[in-house]
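Trainee: Just to be clear, the model below is a prediction. Sequence and coordinates:
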Amino acid sequence: MQYLKKKWSLFAIISLALGVLSLIVFFLIVHIAILVIQILLSIGAIVTGVYAMRVTRTFELRGHYLAYAGTVCGANGLFWVIINLVSGVFR
């Protein structure tokens, strides 16, 4: 019953939301402004995910794997931004 009393980390939820949004925005790339939004979402997901992973272990909160998934989604979104930039430069 102790497990049910633990609270969720808000940063973990935010990290997952930003990471998923960065991947969704990847399919909307039609303009440079969308690319900048994807970069900001990806960096936000990575930063909040790393912070949430540290906080969930320190204060024994729930959401460590949510933070991990958000970090991975954010890194994946940032990877595809870099691929799009490199492929756009060499065209």
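Mentor: Yes, it's here. Numbers count the residues shown, from 1 in each chain.
Trainee: just checking, A75 touches V50?
Mentor: No: checked against Cβ atoms under 8 Å, the pair A75 and V50 is beyond contact range at 10.3 Å. From N, CA and C alone the C-beta is placed, and that goes for glycine too.
Trainee: list the contacts for L28?
Mentor: I34 (Cβ atoms under 8 Å, 6 or more residues apart in numbering).
Trainee: how far away is it from L40?
Mentor: 14 Å (Cβ to Cβ, to the nearest Å).
Trainee: likewise A75?
Mentor: Applying Cβ to Cβ to A75 and L40 gives a distance of 14 Å.
Trainee: Who has more neighbours out of the two?
Mentor: Set A75 next to L40 and count neighbours by other Cβ atoms under 10 Å: A75 wins out with 17 against 13.
Trainee: ok, and the closest non-adjacent residue to the more buried one?
Mentor: I46 (6.0 Å; Cβ to Cβ, 6 or more residues apart in numbering).
Trainee: does the one you found really touch N76, like I thought?
Mentor: No: the pair I46 and N76 does not pass the contact test of Cβ under 8 Å, sitting 10.2 Å apart.
Trainee: These two - which one has more neighbours?
Mentor: More neighbours sit around I46 than around the other of I46 and N76, counting by other Cβ under 10 Å; the figures are 22 against 16.
Trainee: Now do the more buried one against A67, distance only.
Mentor: Looking at I46 against A67, where the rule is Cβ to Cβ, the gap reads 10 Å.
Trainee: again, but for V36
Mentor: V36 sits 24 Å away from A67, taking Cβ to Cβ as the criterion.
Trainee: Fine by me, thanks again.
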